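**Student:** Sequence plus predicted model, see below.
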Amino acid sequence: MIKRNFLKIKIGKPSLIIIPILLSFLISLYVLIDVDQSTDTLDIYINQQVLNLKNIYELGAFAVVIFYLYYVFFQ
C-alpha cells in the first residue's frame, strides 16, 4: 500500500530538485579543480553575503525579543 502511493507521487517541478543538486555538484567540481582560486572567490562571495544578511539577522533577532517581551508582559 505504501509502495503504491509512493510511486504515484508526481513531482510538480523537477527543476526544484535538479537545480540545487547541479549547483552543488558544480561548486564541488570548481573547488576540486582549483583550490586556491576557489577559496579566494568563495571567500569574497561569502563576505559580501554576510554583509547583506547581517541587517536581516539583526532585525529578526530584534523581532524575536519584542515577541518574547510582549508574550511575557501581556499574556
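**Tutor:** Okay, I see it.
**Student:** Regarding Lys13, what is its secondary structure?
**Tutor:** Recorded secondary structure, Lys13: coil (DSSP: H, G, I helix; E, B strand; the rest coil).
**Student:** Quick check: buried residues in stretch 19-39?
**Tutor:** By neighbour count with 16 or more other C-beta atoms under 10 Å, stretch 19-39 contains the buried residues Ser38. Yep, even glycine has a C-beta here, placed from its N, CA and C like the rest.
**Student:** and that stretch, average pLDDT?
**Tutor:** The average pLDDT for stretch 19-39 rounds to 91.
**Student:** Mind giving me the packing neighbours of the helix or strand harbouring Ser24?
**Tutor:** Ser24 is part of helix 15-33, with elements assigned from DSSP states H and E. Where contact means 3 or more C-beta pairs under 8 Å, 6 or more residues apart in numbering; DSSP states H and E, helix 15-33 is packed against helix 35-73.
**Student:** change it to 6 Å
**Tutor:** On a contact count with 3 or more C-beta pairs under 6 Å, 6 or more residues apart in numbering; DSSP states H and E, helix 15-33 meets no helix or strand.
**Student:** Now do that helix against helix 35-73, angle only.
**Tutor:** 130 degrees (axes from the mean of the first three to the mean of the last three C-alpha atoms, to 10 degrees).
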